[in-house]
Structures are given as C-alpha cells and as structure tokens.
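1. Need coordinates for the below:
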Amino acid sequence: MAIRSPAIAPEVLFEWRREDSRSGCNPPYEQSDGEQVLLRNYVSDTPIPEQSWKQAFDLAQQAARSLGATTLTVFKDASNNHDLQFSGETGTILRFGSQAAALITCSTGCRLPAAKK
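-> Sure, this is the predicted structure:
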C-alpha cells in the first residue's frame, strides 16, 4: 500500500518496506527480558522537494510529539540533504530524512513484552 501526500508534495509516494523486527535492549537494560521493536521503514524513492521540507518537518515533529519523542537531533540540514531524529525519555525514536529518497522509521525503545509479565 502506497500513500501519497498531495498537501505536501504529490510526487512523493511513501510505501512500507521491510518487516518489523525485534531485538534485545541496549544498555543499561541489555540483561533484561525486554525487547525493542524496530518498525518497518516508510520510504519514498522520490525525495521531499526542498520547498516542501519545512511543512514535512512540521508534520514529522507533530507525529514525534504524539509519541513522546520531543528531543531533536539534527545529523544533516542542508538544501536537499536532511537527516534528523526525534527521541524521547522512554527510548522511542523517530528518524526522518530526505536526500536521494525520503525515509521515516521508528523504534520503540526497551519494553517488556506482555507474555513475559
């Protein structure tokens, strides 16, 4: 299933790629029974046009806030070369970028699965 966002840039068509995966937790929880979930990637082979980047950034920031990921880390922020990450105290991470393509990915941080409670 592909999703297009005509309000931002009609040529940018996002599709789900890869499956969710689970792994053990990072320190200091690596000895716990917890797991972190890496969600599947949401990818567009067409990058977000520079004139639409601010609007796309604002939407990503709103989504990240709703997940409690309010700390912004900017890896790159140049014309047609954006790579940033929103993170939260619970380990939730939303990564968002646009260079030759556009990518949105997210991980949950360490959580104890219901079956292990």
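2. and the end-to-end length of stretch 37-55?
-> Separation of the first and last residues of stretch 37-55 by Cα to Cα, to the nearest Å is 28 Å.
3. Now do the phi/psi pair for the closest residue to Lys76 other than its chain neighbours.
-> Among residues not flanking Lys76 along the chain, Asp83 sits closest, at 4.2 Å (Cβ to Cβ, 6 or more residues apart in numbering). From N, CA and C alone the C-beta is placed, and that goes for glycine too. Torsion angles at Asp83 (phi, psi; degrees, to the nearest 10) stand at phi -150, psi 110.
4. Give the full set of residues in contact with Asp83.
-> Val74, Phe75, Lys76, Asp77, Arg95, Gly97, Gln99 (Cβ atoms under 8 Å, 6 or more residues apart in numbering).
5. in the protein, which spans are strands?
-> Taking DSSP state E to define them, one finds strands in the chain at 2-5, 9-17, 21-24, 35-38, 41-44, 71-78, 81-87, 93-98, 102-111.
6. Going through the contacts of Asp83, which ones are buried?
-> Neighbour-count burial (16 or more other Cβ atoms under 10 Å) applied to these gives Arg95, Gly97.
7. and of the contacts of Asp83, the nearest to Gly34?
-> Set against Gly34, the nearest of the contacts of Asp83 by Cβ to Cβ is Arg95 (20.8 Å).
8. which one of the strands of the chain lies closest to Ala63?
-> Closest approach to Ala63 among the strands of the chain (Cβ to Cβ): strand 93-98, 6.7 Å.
9. Find out how far the closest one is from the centre of the chain, if you would.
-> Centroid separation between strand 93-98 and its chain, computed with Cα atoms, centre = their mean, to the nearest Å, is 4 Å.
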